[in-house]
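> Got a predicted structure here, sequence first:
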There are 2 protein chains.
Amino acid sequence: MAVSAPGPPPDLRPADELDAADPLAGFRDEFVHADDEPGFVYLDGNSLGRLPRRAVALASEVVERQWGHRLIRSWNEGWFDLPIRLGDRLAGLVGAGPGEVVLAENTSVCLYKAAVAALGVRPDRTRILTDDLNFPSDVQVLRAAARAAGPEHEVVVVGSDGVHGPLDGLRAALDDRTALVSLSHVAYRSGWSWDLGDVTGMAHDAGALVLWDLSHSVGAVPIDLGAARADLAVGCTYKYLNGGPGSPAFLYVSADLPELTNPVAGWYGSDDPFDFDFNADRAAGATRFLTGTPPVLSAALVGPGLDLVLEAGMDRLRAKSVALTERFLVLADEYLVERGFEVRSPRDADRRGSHVALAHPEARAVGQALIHEESVVPDHRPPDLLRFGFAPLYIRFADVDEAVARMVRVVDSGGADRWREAAPVVP
Amino acid sequence: MAVSAPGPPPDLRPADELDAADPLAGFRDEFVHADDEPGFVYLDGNSLGRLPRRAVALASEVVERQWGHRLIRSWNEGWFDLPIRLGDRLAGLVGAGPGEVVLAENTSVCLYKAAVAALGVRPDRTRILTDDLNFPSDVQVLRAAARAAGPEHEVVVVGSDGVHGPLDGLRAALDDRTALVSLSHVAYRSGWSWDLGDVTGMAHDAGALVLWDLSHSVGAVPIDLGAARADLAVGCTYKYLNGGPGSPAFLYVSADLPELTNPVAGWYGSDDPFDFDFNADRAAGATRFLTGTPPVLSAALVGPGLDLVLEAGMDRLRAKSVALTERFLVLADEYLVERGFEVRSPRDADRRGSHVALAHPEARAVGQALIHEESVVPDHRPPDLLRFGFAPLYIRFADVDEAVARMVRVVDSGGADRWREAAPVVP
């Protein structure tokens, strides 16, 4: 490693050795890498995953042949059940069964449907529990679901230390008023990762249902919804699943809960949409939670990235992800803490997803300098965090070392001063 | 015209003369036409519009450069406000002002948000009025909205004759229990077209709000939501707007109704999503009705088709659309009625959209024969309708004549017998 920093290099195995021995190394070439940015280090795959090469060919097939040539006939030739077929492929990744997962709209709309459905089967309970590590849209949507359920319903947001999931606080807040517990499996800021089974069991013991948001864990952390006995889950397909910007979300509904009903029932979730009967019955399984016509182009492109994750296998992906984040933490402790950074992610790998958050008083400006001067892309979360995502399908151990070396260079050269006034990169 | 039918040809100006004089003729070449189906007559643009050539280039730009190369930086380079910018372009087409229209999810989800919002500002009224010409998903979603509002809420479906909007029935049903009137501007089956201003005024006189579904009219029929004083509207971008399969819907909220609130409030409709504050205020205008992250690929491709409609101009499009449907009706009367077809669309062009429905006892089988033997694509709506859509941007007068000639050939050669057992083409 070429870190031009004071102090001895940590006792780490050389990155090139690790990359040479990486059983997943070949997957990097399954993604598009721009020729004109050879030193580009993309550490934001936790926000928007890279473009799979297979998706380029598929986009052309869907646009030019399926839409342009086959036109309406394509509905019969694969479009119609796309949300169901891709849902079934996703089910295999998250420990769900056939018919328990569908693609639909976006995470927030899916969360709304799931939360309202859950409140509907706990009519004597008025509370939704969540925590302040949850994604802001989730808290907003849970509040919307509470409003839909009635004036006496409320969302209780349990406070945390900003890094670790507030297990004790949740336990203390759980009581017979709690209809639903809804949490992000992996927290978008700190990367905290809940134990799905433990928390689900705790909520069930209190008579509540559980609704997981898997957006920041699916494709990065092994998930077994069946083993956890989870009731409901939603998640995002454009982060570690590499489905493309704003690709549709997924919604899991346990087959054990046929009494849950879709509060936004539309034709696509009826048992025969093309019968055009407004009195139609609802479809079975998670399909009953569909509402309107899916965005076919954005939905179809979920397939290639999902397939890559399935081919790589979650065990190997998780092992590499942990090795990458552990290495980053060792290097951060060695070179970055003395430069004003503070680790804001769990130290216990079992409780951490695939990204690491570092706080810095000039986080935004340092992030801008990294992007514009060093071609390293993390993201900034206000007020003071930089997140570094290590997508195990395409991030190399050498990228970890490079990122840290360039962070050292940026800070030591006064990069924050140069970018204090620049516009932030979102999201 | 080469109709091999008995009886004299009707006294119509030759199609090739009309096509040669058509000021919109050049727009046909703005769309992709497959080389291997030279005689293909696509009369289903009212369900899925054709692929604009510009969309092919844009798809490649969005997938390969914006996603593949620019990655997360593209959110700052045009993705973030895509639903708002495209909404503003659409606003110009439907008589709305800047900030009154956004792209979001699909028509059904938008309808749900709009309907629940409307009920929220009429707390003392419990009824939603619609009619049985409305699209089945709309009726299902209105019922979902009624359920969300409370156990005493209900949807009243006014009966029609199956062709014409039941104006008298609506007027009779309107009373001080009516919170909302929601109708399809152009009915998906018969093509009936309501007078936006008259119906809106009638509902307002009764103290109700009005929510229009413009899916089957936008891009085919002039719309002035402002002049009509419409409260709310939704619509589809993949029919006459040629946005691509399942492209996002649009949602219009009158600037005169700031008291309406989005029942599915998520981060994308907050005033600063990238502040990541779950207590954020809502955005202004129709933006407050956004919820989650938009499907960027499907959303971006709405632009090219919308631009073509704006370039052609609604007055010219409407004039050609009326001429096309009038010609089809003349030919249908001359050649098709005696072959068992019955016109099920309004005869008055002012009350008709851009498609014509014909009933036939063997509609499904005749439709299959037209598609598979004659390369004419209408669509079938059970039990007995065939719909013929005349998208004025790319349908020629010669296509009208060809379609009728081939229908005659199919029926006279016993085509229904050959296709009675075939699977239907959806949707």
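Received the coordinates, thanks.
> Pull the contacting residues for the residue in the stretch 101-250 of chain A that chain B sits nearest to.
Closest contact between the stretch 101-250 of chain A and chain B, by CB to the nearest CB, is at residue A:106 (2.9 Å). Using the backbone N, CA and C atoms, a C-beta is placed for each residue, glycine as well. For residue A:106, the residues meeting the contact criterion (CB atoms under 8 Å, 6 or more residues apart in numbering or on different chains) are A:246, A:248, A:249, B:105, B:266, B:291, B:292, B:293, B:294, B:295.
> so the last one makes contact with residue A:238?
No - because the distance of 9.4 Å does not satisfy CB atoms under 8 Å, residue B:295 is recorded as not touching residue A:238.
> Looking at these two, which is more packed in?
For residue B:295 and residue A:238, the more surrounded residue by other CB atoms under 10 Å in any protein chain shown is residue B:295, and the numbers stand at 33 against 28.
> do you know how far the more buried one is from residue A:103?
In this structure, residue B:295 lies at 10 Å from residue A:103, with CB to CB, to the nearest Å as the measure.
> anything in contact with each of these two?
Between them, residue B:295 and residue A:103 share these contacting residues under CB under 8 Å, 6+ apart: A:248, A:299.
> mind listing the helices for chain A?
A:15-21, A:53-60, A:82-91, A:107-120, A:136-149, A:167-173, A:196-205, A:225-228, A:296-300, A:302-312, A:314-331, A:363-374, A:397-412, A:415-419 (DSSP state H).
> Need those in CSV (columns: mean pLDDT).
Formatted as CSV, the entries for the helices of chain A read as follows, by pLDDT from 0 to 100:
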stretch, mean pLDDT
helix A:15-21, 97
helix A:53-60, 98
helix A:82-91, 98
helix A:107-120, 98
helix A:136-149, 96
helix A:167-173, 98
helix A:196-205, 98
helix A:225-228, 98
helix A:296-300, 98
helix A:302-312, 98
helix A:314-331, 98
helix A:363-374, 95
helix A:397-412, 97
helix A:415-419, 93
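> Which of the ones you listed sits closest to residue B:325?
Within these, the stretch nearest residue B:325 is helix A:296-300; the backing value is 28.2 Å (CB to CB).
> So which elements touch the closest one?
Packing contacts for helix A:296-300, counted by 3 or more CB pairs under 8 Å, 6 or more residues apart in numbering or on different chains; DSSP states H and E, involve helix A:82-91, helix B:296-300.
> Measure how far it is from the centre of its chain, please.
19 Å (CA atoms, centre = their mean, to the nearest Å).
> cool, and stretch A:28-39?
On the basis of CA atoms, centre = their mean, stretch A:28-39 is displaced by 23 Å from the centre of the chain it belongs to.
> again with stretch A:143-152
26 Å.
> Over to stretch A:266-278?
31 Å.
> Could you give the average pLDDT over it?
In this model, stretch A:266-278 has a mean pLDDT of 91.
> which residues touch that stretch?
Residues outside stretch A:266-278 that contact it (CB under 8 Å, 6+ apart): A:83, A:262, A:280-284, A:287-294, B:106, B:108-109, B:112, B:132, B:134-141, B:144, B:157, B:381-382, B:424, B:426-427.
> Up against chain B, what does the stretch 251-400 of chain A have?
Counting by CB under 8 Å from any CB of the partner chain, the stretch 251-400 of chain A comes close to chain B at A:262-268, A:270, A:273-278, A:280, A:291-299, A:301, A:371, A:377, A:379, A:381-382.
> Return the distance of the closest residue to residue A:222 other than its chain neighbours relative to chain B.
In space, and not counting its chain neighbours, residue A:222 is closest to residue A:314: 4.7 Å by CB to CB, 6 or more residues apart in numbering or on different chains. From residue A:314 across to chain B, the span is 24 Å (CB to the nearest CB, to the nearest Å).
> So residue A:314 sits against residue A:92, correct?
No - using CB under 8 Å as the test, residue A:314 is too far from residue A:92 to be in contact (10.1 Å).
> circling back: save the contacts of residue A:106 as CSV, and put in distance to residue B:416 too.
Output for the contacts of residue A:106, formatted as CSV (distance: CB to CB, whole Å):
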residue, distance to residue B:416
A:246, 45
A:248, 39
A:249, 44
B:105, 39
B:266, 50
B:291, 46
B:292, 46
B:293, 48
B:294, 44
B:295, 40
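> Many thanks, I have nothing further to ask.
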